[in-house]
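Engineer: predicted coordinates and the sequence they were generated for:
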Amino acid sequence: MPIDMSDKTILKIEDLHLNFPIYQGAVHAINGVSLYVDEGEIVGIVGESGSAKSVTAMAALRLLPKGSFRLTNGNITMLGHDILKISEAEMNSLRGNQVAMIFQEPQTALNPTKTIGKQMFKVIQLHTGKKRKEARNLALCLLQDMRINDAEEILQRYPFELSGGMRQRILIGLAFACSPRLLVADEPTTALDVTVQRQVLQLMRAKARKTSTAILFISHDLALVSQFCDRIYVMYAGSIVEEGPTKLVLSAPAHPYTQALVRALPESSTKGQRLESIPGTVPKLTIKQEACSFRERCDHAHDLCVKIPSLVMSGVKTQKAACWLLEKVR
């Protein structure tokens, strides 16, 4: 059943806890994640590999294999529906029709044995009910929107005949086929060179703004996120450690982890200077965290860090961080 909530809120995750059972234990992948995405917003999730960015998105879309995980707490609401309670048939009607996802690897997301046209027509017909001729016309329009020349010829090609940038543009165009209200983009430009990255993101943003589509953009690239997202969530070891408007968070980060990420950017270094890095490693997620997960790598760790901090205002109403250093502003 639909849940009463703001008409503008497309996705809302509240205090989500999820683990993956393993022999004699569990991997505590998601630890109390809360986030939201409003209509027309582009929201980023950033953090190191293994911080559960993709797992959070997969859980929200119910794409994790059944029986592979345990959900111990939390709520997920999408387009007014309780995602954890609706049937698989209802979930399937949301995916593709109102919610789309761009996966990380274009070479694995497309079937190498079928032409681009056959794959696009099938998806469009499945979710829109259009006849083949109408599906073909829409596919051509989508490719043209992605600035793909010779769209007719591309429909006859196989994925392995195209570059990574071309395949990714096709996937992005296909994601917009049903005019989704939410698009989840998981590292959509990882395999692309810098020039193509910029072009693809510009096309994606222009298309989203035109259709008022909300985007949840997953990336480990702060520089990329700074140019693309309205708001960001910084994740570390399965938790949100900072959130707020992108420009504010990246220009004045409140959490030591975000500060370290910003210092590690090549743009933050001068010629001849050693690049900054974050010492230590991410904690083992097989051990349930009872303290600040960043304390072993933090230069500011103190006695209070043996407890898990809550997200609090950093002194600016729109910015929050989970750090005991902010206790004085509570």
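Structural biologist: On my side now, so go ahead.
Engineer: and P256, how far is that from S226?
Structural biologist: For P256, the distance to S226 equals 19 Å [Cβ to Cβ, to the nearest Å]. Where C-beta positions appear, they are placed from N, C-alpha and C, glycine not excepted.
Engineer: between those two, who's got more neighbours?
Structural biologist: P256 (22 against 19; other Cβ atoms under 10 Å).
Engineer: now the more buried one: closest residue in space, sequence neighbours ignored.
Structural biologist: Among residues not flanking P256 along the chain, C298 sits closest, at 4.8 Å (Cβ to Cβ, 6 or more residues apart in numbering).
Engineer: relative to V241, how far out is the one you found?
Structural biologist: Using Cβ to Cβ, C298 is found at 11 Å from V241.
Engineer: what residues of stretch 146-156 count as buried?
Structural biologist: The neighbour-count check on stretch 146-156 (16 or more other Cβ atoms under 10 Å) flags 146, 148, 151, 154-155 as buried.
Engineer: and which of those residues is nearest T56?
Structural biologist: Nearest to T56 among the buried residues of stretch 146-156, counting by Cβ to Cβ, is M146 at 27.1 Å.
Engineer: got phi/psi on the closest one?
Structural biologist: Main-chain dihedrals, M146, degrees, to the nearest 10: phi -90, psi 20.
Engineer: and what of V46?
Structural biologist: Main-chain torsions, V46, degrees, to the nearest 10: phi -120, psi 160.
Engineer: partner residues bridging it?
Structural biologist: In this entry, V46 is beta-bridged to S219, V234, by DSSP bridges.
Engineer: the residue nearest to P256 is in contact with C305, isn't it?
Structural biologist: Yes: C298 is within contact range of C305, at 7.3 Å (criterion: Cβ atoms under 8 Å).
Engineer: what is in contact with the two at once?
Structural biologist: Common neighbours of C298 and C305 (criterion: Cβ atoms under 8 Å, 6 or more residues apart in numbering): C292.
Engineer: is I124 in a helix, a strand, or coil?
Structural biologist: helix (DSSP: H, G, I helix; E, B strand; the rest coil).
Engineer: what's near enough to touch the nearest residue to G40 once chain neighbours are set aside?
Structural biologist: Excluding its sequence neighbours, the residue lying closest to G40 (Cβ to Cβ, 6+ apart) is S212, at 4.6 Å. Going by Cβ under 8 Å, 6+ apart, S212 touches 39-40, 181.
Engineer: that older thread, and the buried residues of stretch 146-156, which two are furthest apart?
Structural biologist: By the measure Cβ to Cβ, M146 and L155 form the most distant pair in the buried residues of stretch 146-156, at 13.0 Å.
Engineer: hmm, back to that, could you dump the buried residues of stretch 146-156 to a markdown table with distance to S293, pLDDT and secondary structure?
Structural biologist: Below are these laid out as a markdown table (distance: Cβ to Cβ, whole Å; pLDDT from 0 to 100; DSSP: H, G, I helix; E, B strand; the rest coil):
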| residue | distance to S293 | pLDDT | secondary structure |
| --- | --- | --- | --- |
| M146 | 39 | 82 | coil |
| I148 | 43 | 87 | coil |
| A151 | 48 | 92 | helix |
| I154 | 46 | 94 | helix |
| L155 | 48 | 95 | helix |
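Engineer: helices or strands up against the longest helix along the chain?
Structural biologist: Once the chain is assigned using DSSP state H, the helix that runs over the most residues is helix 194-211. Judged by 3 or more Cβ pairs under 8 Å, 6 or more residues apart in numbering; DSSP states H and E, helix 194-211 is in contact with helix 164-175, strand 214-219, helix 222-228.
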